[in-house]
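[1] got a sequence here, can you build the structure:
(one chain, ligands or ions: 1)
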Amino acid sequence: MSKILDSFLNENLQDLRNQGLYNEIDAVEGANGPIITINGKQLINLSSNNYLGLATNEELKQVAKNAIDRYGVGAGAVRTINGTMDLHVKLEEKLAEFKGTEAAISYQSGFNCNMAAISAVMDKNDAILSDQLNHASIIDGCRLSKAKIIAYNHSDMDDLRAKAKEATESGLYNKVMVITDGVFSMDGDIAKLPEIVEIAKEYDLITYVDDAHGSGVTGKGKGTVKHFGLEKEIDFQIGTLSKAIGVVGGYVAGKKNLIDWLKVRSRPFLFSTAVTPGDVAAITHALQMIMDSTELHDQLWENGDYLKAGLKKLGFNIGASETPITPCIIGDEKLTQTFSRRLVEEGVYAKAIVFPTVPKGTGRVRNMPIASHTKEMLDDALAIYEKVGKELGII
Ligand code: PMP
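    As a prediction, the model looks like this:
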């Protein structure tokens, strides 16, 4: 290794460790369900995005196995060469139905989707108004486009309106886009989409909603845009297939001309191999399950409300959550890490989230109950929270 790289890595890694900002990665031994095993120990899992429990759903496992038997394990090529199977076409029809749009396009991940979609439409002559707390993949997608990035204060509609007015009236930009998460993953709050749409109409902004944490969760499972009835108003409805949907992948749903453009101009679609057949079949089936029944969705919300009420009663600061995602905001990074480590020792897997994922000084342990947790599991988790919270003087 080059000496300069070696010393760069060693110094910076040590620096992160000293500040309590280095996250160790644990390996889960077996499936990612409501209970997981790490280092041989069973833990109540409050750290997954498997909101509806579909990642371990028996029906979906069987669907994936059948598709592998028929189609094999890989798509074989990028989509435009010969990697588009009839399975991918069905998936995209199902995604459009799920999101209430004319068409949809799928990608290999949600991250990839943001890298693909923003830069296919925006360029250096454009501007993007981006919520300050937007996900890293949105930020990177914006950077890749070379458009001017104008951050507005989190969910602050006065700030957005002022910046939209300034950007559109400046005459500096051809197109202006507004981008927001549908559900903010670190706080569990919901974007103010009706106000965003109103401002977008006033200034002819392109609207882009990344509903990675909303699909399957809000809008009776159909997501945050549906929750507000704005399917006809949002230009880009994007999301991931790896969280509530339980598998892997990302998508854009929108008007047919937008999807046609992305098929010829978005680089991860053009130059990277498609999602595997087993995954595609499982995703398509999962979307149908979510459209057919709200049972898992209802169970998720019941569990979310139960855990949230319990944590609040114990005296934790749960912030502004409006969804099952419930943070316990601790503040200090080292205390947050210690809290999370003690929770693991006592039997709860709830990870510390610290800078750079959240701003410095707002370290938190984030809890994500899922549909397949039982009341007993949640009661056990709350008892552990009480014990460790008192021990560390947090409550
Ligand atoms: N967008 C948001 C808002 C996310 O939270 C995430 C996942 N953390 C992604 C995109 C990336 O999705 P994926 O895991 O499918 O790459």
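
[2] excluding covalently adjacent residues, which one is nearest to the closest residue to the ligand within the chain?
    Of all residues in the chain, residue 110 sits closest to the ligand, with a separation of 2.4 Å (C-beta to the nearest ligand atom). Placement of C-beta: from N, CA and C, glycine included. By the measure of C-beta to C-beta, 6 or more residues apart in numbering, the closest residue to residue 110 outside its immediate chain neighbours is residue 240, 3.0 Å from it.

[3] residues from the stretch 101-250 of the chain in reach of the ligand?
    Contacts of the stretch 101-250 of the chain with the ligand, taken as C-beta under 6 Å from any ligand atom, map to 109-111, 135, 137, 181, 185, 210, 212-213, 240, 242, 250.

[4] who wins for neighbours among the residues you listed?
    The most neighbours of any of these, using other C-beta atoms under 10 Å, belong to residue 210, which has 32 neighbours.

[5] wait, that one touches residue 238, no?
    Yes - in this structure, residue 210 sits in contact with residue 238. The criterion is C-beta atoms under 8 Å, and the distance is 5.1 Å.

[6] and the residue of the chain closest to the ligand, what is it in contact with?
    Shown in contact with residue 110 (C-beta atoms under 8 Å, 6 or more residues apart in numbering): 137, 210, 212, 238, 239, 240, 241, 242, 249, 250.

[7] any idea how the chain splits into domains?
    Domain assignment for the chain by automatic domain parsing gives 15-45+294-391, 58-292.

[8] how about these in CSV, adding distance to residue 3 and mean pLDDT?
    As requested, the domains of the chain are exported to CSV (distance: least, C-beta to C-beta, whole Å; pLDDT from 0 to 100):
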stretch, distance to residue 3, mean pLDDT
domain 15-45+294-391, 18, 94
domain 58-292, 30, 97
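
[9] CA atoms of stretch 293-313 as PDB?
    The C-alpha coordinates for stretch 293-313 follow below in PDB (Å, rounded to 0.1, in the frame of the first residue of the first chain):
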ATOM      1  CA  SER A 293     -54.500  -6.700   2.200                       C
ATOM      2  CA  THR A 294     -53.600  -4.100   4.900                       C
ATOM      3  CA  GLU A 295     -53.200  -6.700   7.600                       C
ATOM      4  CA  LEU A 296     -49.400  -6.400   7.800                       C
ATOM      5  CA  HIS A 297     -49.600  -2.700   7.500                       C
ATOM      6  CA  ASP A 298     -52.100  -2.500  10.400                       C
ATOM      7  CA  GLN A 299     -50.000  -4.800  12.600                       C
ATOM      8  CA  LEU A 300     -46.900  -2.600  11.900                       C
ATOM      9  CA  TRP A 301     -48.800   0.500  13.100                       C
ATOM     10  CA  GLU A 302     -50.200  -1.200  16.100                       C
ATOM     11  CA  ASN A 303     -46.700  -2.300  17.100                       C
ATOM     12  CA  GLY A 304     -45.300   1.100  16.300                       C
ATOM     13  CA  ASP A 305     -47.900   2.900  18.400                       C
ATOM     14  CA  TYR A 306     -47.400   0.500  21.300                       C
ATOM     15  CA  LEU A 307     -43.600   0.900  21.400                       C
ATOM     16  CA  LYS A 308     -43.800   4.600  20.900                       C
ATOM     17  CA  ALA A 309     -46.200   5.100  23.800                       C
ATOM     18  CA  GLY A 310     -44.100   2.900  26.000                       C
ATOM     19  CA  LEU A 311     -40.800   4.700  25.300                       C
ATOM     20  CA  LYS A 312     -42.500   8.100  25.800                       C
ATOM     21  CA  LYS A 313     -44.000   7.000  29.100                       C
END
